[in-house]
Structure formats: structure tokens, C-alpha cells
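*Asks:* Fold the stuff below for me.
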Amino acid sequence: MPKLKTKSGVKKRFKLTATGLLKHGVAGKRHRLAHHNGKYIRQNRGTKVLSKADTAAVKAWAPYGLG
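*Replies:* Numbering: from 1, shown residues only. Below you'll find the model as predicted:
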């Protein structure tokens with residue numbers, strides 16, 4: 001049985017928590033921040049937990065786990 005390939009972008013963009021959830025960085029925080037208000041910038045600081053619907057797809061892209 002051949003080995004499955006891992007999407008290389010998934011390894012860089014997601015981390016697995018101890019309970020099996022996926023953490024990810026928040027989009028829209030790199031440049032052109034003058035167009036966003038302060039509330040948007042504050043609330044999207046740090047990392048967020050991926051939704052359950054998206055978690056299944058991301059885990060399929062990393063068949064041998066993250067880490």
C-alpha cells in the first residue's frame with residue numbers, strides 16, 4: 001500500500017489541540033489594516049479554533065496527523 005501524501009500547507013497553517021480540535025491563525029491581519037476598525041483587529045488577535053465542519057476536511061489533508 002503506498003503512503004498517502006500530506007498537503008504541505010496544512011502542516012504550516014494548523015496545530016492540533018490536546019482535545020483534538022484544530023487551531024488556526026485568523027485571516028485578514030497582514031496588510032491594509034487601516035480599512036478595518038479597531039474592534040475587528042482586536043477580536044481577530046491570536047488564534048481561533050476551526051469549526052467542526054471544516055475540521056474533517058483538514059484532517060483528511062493530513063492523514064498521519066499534525067506534528
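
*Asks:* Give me the residue at the spatial middle of this structure.
*Replies:* Centroid-nearest residue in the chain: residue 24, 2.8 Å away (criterion: Cα atoms, centre = their mean).

*Asks:* ok, what's across the strand from that residue?
*Replies:* residue 14, residue 48 (DSSP bridges).

*Asks:* Could you check how far it is from residue 3?
*Replies:* Note on residue 24: its distance to residue 3, by Cβ to Cβ, to the nearest Å, is 25 Å. In this view, the C-beta of every residue, glycine as well, is placed from N, C-alpha and C.

*Asks:* next one: residue 36
*Replies:* Residue 36 is 42 Å from residue 3, by Cβ to Cβ.

*Asks:* For the two, indicate the residue with more neighbours.
*Replies:* Using other Cβ atoms under 10 Å as the criterion, residue 36 and residue 3 rank with residue 36 on top: 12 against 7.

*Asks:* Run a quick neighbour tally on the closest residue to the more buried one other than its chain neighbours.
*Replies:* With sequence-adjacent residues excluded and distances taken as Cβ to Cβ, 6 or more residues apart in numbering, residue 36 is closest to residue 28, at 7.1 Å. Other residues within reach of residue 28, judged by other Cβ under 10 Å, total 12.

*Asks:* Averaged pLDDT, the longest helix anywhere in the chain. What do you get?
*Replies:* Longest helix in the chain by number of residues (criterion: DSSP state H): helix 52-61. The average pLDDT for helix 52-61 rounds to 94.

*Asks:* And it, what does it pack against?
*Replies:* Other elements packing on helix 52-61 under the criterion 3 or more Cβ pairs under 8 Å, 6 or more residues apart in numbering; DSSP states H and E are strand 22-25.

*Asks:* Tell me the helix or strand right after the strand it packs on.
*Replies:* Counting by DSSP states H and E, the next helix or strand C-terminal to strand 22-25 is helix 38-43.
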